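S.K.: here is a sequence together with a model predicted from it:
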Amino acid sequence: MLKNRVMPCLLLKNAALVKTIKFKNPDYVGDPSNAIRIYNEKEVDELIFLDITATTSSKVPDLDVIGRLASECFMPVAYGGGISDLQTMREIFRRGIEKVAVNSHAVACPEFLSAAANEFGSQAVVISIDAKRTASGTYEVYTHGGTRATSMDPVTWARRAAELGAGEILLTSIDQDGTMEGYDLELIRSVTSAVDIPLIACGGAGKVSHFGQAITEGRASAVAAGSMVVYFGRNRAVLINFPSPRELNRLFESISNHE
Amino acid sequence: MIGIVNYGVGNLASILNMLKRLAVPACIVNSPAEMDLATKLILPGVGSFDAGMGSLNESGLLPRLTARVQEEKVPVLGICLGMQMLSERSEEGVGPGLGWIPGRTMKFQFGDNPAKLKIPHMGWNIAIPNPEAKLFKDCGMDPRYYFVHSYHVVCQDPAHVAASVNYGMLATAAVESGNVYGVQFHPEKSHKFGMKILENFSKV
């Protein structure tokens, strides 16, 4: 399957679905079960759930909520948020989640990625990297939901994470998050040109053509969307939605004609 | 009533939820008595071969499961490791499998592997069904399913292969032999394509 994957990236706060802009002002957009029901109908191929307050509030992941999400999803699911030990990862996989994303803890303790990859396989371990443009135009990795700067460069960190055993990168642009103005293609391209493992581009998707840009110009193997799949129209009215298979097929055809 | 055999591995709720969505009566089978209520059985499975067979043995469900499938010819559907356990043995373990499908479970080997194929085979892939396969009736063109596996079943009799999947080689994606069915992929994670498989199984 060489087709590029397109997936909703959904944010959780206390088991409710929220959406942020530039990682701030989480806006309540509904109940995850309702969203899952709609994404099941829309034949979404993969879902990402990120608990955005698990790390900052030092909460352990709510395994009951995770188990419920996994059993309602008729597609594979990645979960991230508050992961800092193997036992919790074990419990999450047992509940039917296919992949686990690690962010802050991997920065604090990079060897954790190796331990996780050894036990669960690289394919099940996603390194989630949140990056922000600096005043001088370079990029910096942030942890703890975008609140802590690390002085690390995303390219170096992505390469290291891949070496340690992460099987996939979820790369989110903090600046583009929630803007719906398009992905940060320069950021994506800089990371994809440095690593071999698949990269999911996240942050900024507002329309289907943005996916095409992230794939062709950014060389992302997959794209994630947040605002675009939970809001409708200029006033950001909450409406869980997803591009039709026809729209996506048209996009992929134009991409392959292009190449 | 489809009974999902609960021998202590994995989350069975997504299979149950998908059957519920199809309006197919289903339940989780925790005891031999509950197994007798089912007219069809699903044998799920995640993890390694010996651990799966070990859990099935320890669950106390195996004698009744065997009697229902082998003597009463109740249709059974193995999913993922559940399908591999239908074979006679696996390179992953030392203990025997159920042996209901003649053949062995082998590890993926890619030789020089120019395409850099990874193990496990994880992700969506297209299955190529045998036109006769009951599980794949009306599954449409290029049906896609979600796979997560490092081992694949090699059937002794090619006629038992209900579908193949291309991953560096043609590997068995599904098996059918009499009342014994198996799918290597996860129908419960393969939205409409997986739903069709479970619907077809509910009608065999």
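M.R.: Great, that's in hand.

S.K.: tell me the mean pLDDT for the top helix by length along chain B?
M.R.: Secondary structure of chain B per DSSP state H: the longest helix is helix B:191-203. Averaged across helix B:191-203, pLDDT comes to 97.

S.K.: one more: stretch A:74-91?
M.R.: For stretch A:74-91, mean pLDDT rounds to 96.

S.K.: please enumerate residues in contact with the longest helix of chain B?
M.R.: A:40, A:43-45, A:74-75, B:2, B:15, B:18-19, B:21-22, B:24, B:40, B:42, B:75, B:77, B:134-140, B:143-146, B:181, B:183, B:185-188, B:190 (C-beta atoms under 8 Å, 6 or more residues apart in numbering or on different chains). Any C-beta I mention is one placed from the backbone N, CA and C, and that applies to glycine too.

S.K.: what does the stretch 51-200 of chain A put close to chain B?
M.R.: A:67, A:70-76, A:94-96, A:98, A:121-124, A:167, A:196 (C-beta under 8 Å from any C-beta of the partner chain).

S.K.: quick check: end-to-end length of stretch A:108-124?
M.R.: 20 Å (C-alpha to C-alpha, to the nearest Å).

S.K.: can you list the buried residues in that stretch?
M.R.: Across stretch A:108-124, burial judged by 16 or more other C-beta atoms under 10 Å in any protein chain shown covers A:110, A:112, A:113, A:115, A:116, A:117, A:120, A:121, A:122, A:123, A:124.

S.K.: tell me the one of those nearest residue A:9?
M.R.: residue A:124 (17.7 Å; C-beta to C-beta).

S.K.: nearest residue to that closest one other than its sequence neighbours?
M.R.: In space, and not counting its chain neighbours, residue A:124 is closest to residue A:99: 5.2 Å by C-beta to C-beta, 6 or more residues apart in numbering or on different chains.

S.K.: and residue B:157, by the same measure?
M.R.: residue B:102 is the one closest to residue B:157 (C-beta to C-beta, 6+ apart), at 6.1 Å.

S.K.: how far away is the closest residue in space to residue B:59 that isn't next to it in sequence from residue B:153?
M.R.: The spatially closest residue to residue B:59, leaving aside those adjacent along the chain, is residue B:7, at 3.8 Å (C-beta to C-beta, 6+ apart). As judged by C-beta to C-beta, to the nearest Å, residue B:7 and residue B:153 stand 19 Å apart.

S.K.: what residues does chain B have near chain A?
M.R.: B:10-11, B:13-14, B:16-18, B:21, B:116, B:118, B:120, B:122-126, B:144, B:146, B:148, B:186, B:188-192, B:194-195.

S.K.: once you drop chain neighbours, what's closest to residue A:200?
M.R.: residue A:222 (4.3 Å).

S.K.: count the residues that sit near that neighbour.
M.R.: By the measure other C-beta atoms under 10 Å in any protein chain shown, the count of residues near residue A:222 is 23.

S.K.: what sits against it?
M.R.: Here residue A:222 is in contact with A:4, A:5, A:6, A:7, A:46, A:198, A:199, A:200, A:201 (C-beta under 8 Å, 6+ apart).

S.K.: most neighbours among those residues, which one is it?
M.R.: Within the contacts of residue A:222, most neighbours by other C-beta under 10 Å means residue A:201, with 34 neighbours.

S.K.: ok, now which ones touch residue B:59?
M.R.: Shown in contact with residue B:59 (C-beta under 8 Å, 6+ apart): B:6, B:7, B:8.

S.K.: does the residue nearest to residue A:200 have beta-bridge partners, and which?
M.R.: Using DSSP bridges, the bridge partners assigned to residue A:222 are residue A:5, residue A:200.

S.K.: roughly how far does it sit from residue B:90?
M.R.: Taking C-beta to C-beta, one finds residue A:222 at 32 Å from residue B:90.

S.K.: name the helices or strands packed onto the helix or strand encompassing residue A:249?
M.R.: Following DSSP states H and E, one finds residue A:249 within helix A:245-258. Secondary-structure packing of helix A:245-258 (3 or more C-beta pairs under 8 Å, 6 or more residues apart in numbering or on different chains; DSSP states H and E): helix A:208-216.

S.K.: tally of neighbours for residue B:181?
M.R.: Close neighbours of residue B:181, defined as other C-beta under 10 Å, add up to 28.

S.K.: now the one 5 residues further on
M.R.: The number of residues packed around residue B:186, counting by other C-beta under 10 Å, is 25.

S.K.: leaving out chain neighbours, which residue sits closest to it?
M.R.: Of all residues not flanking residue B:186 in the chain, residue B:146 sits nearest, at 5.0 Å (C-beta to C-beta, 6+ apart).

S.K.: that older thread, which of the residues of chain B next to chain A count as buried?
M.R.: Here, 16+ other C-beta under 10 Å leaves B:10-11, B:13-14, B:16-18, B:118, B:120, B:122-126, B:144, B:146, B:148, B:186, B:188-191, B:194-195 buried among the residues of chain B next to chain A.

S.K.: in helices only, show me those residues.
M.R.: Per DSSP H, the subset of those in helices is B:13, B:14, B:16, B:17, B:18, B:191, B:194, B:195.

S.K.: tell me the pLDDT of the fourth one.
M.R.: Per-residue pLDDT puts residue B:17 at 92.

S.K.: list the residues that contact the closest residue to it other than its chain neighbours.
M.R.: Excluding its sequence neighbours, the residue lying closest to residue B:17 (C-beta to C-beta, 6+ apart) is residue A:71, at 5.6 Å. By C-beta under 8 Å, 6+ apart, the residues touching residue A:71 are A:95, A:96, B:11, B:13, B:14, B:16, B:17.

S.K.: please repeat the previous calculation with a cut-off of 7 Å.
M.R.: Going by C-beta atoms under 7 Å, 6 or more residues apart in numbering or on different chains, residue A:71 touches A:96, B:11, B:13, B:14, B:17.
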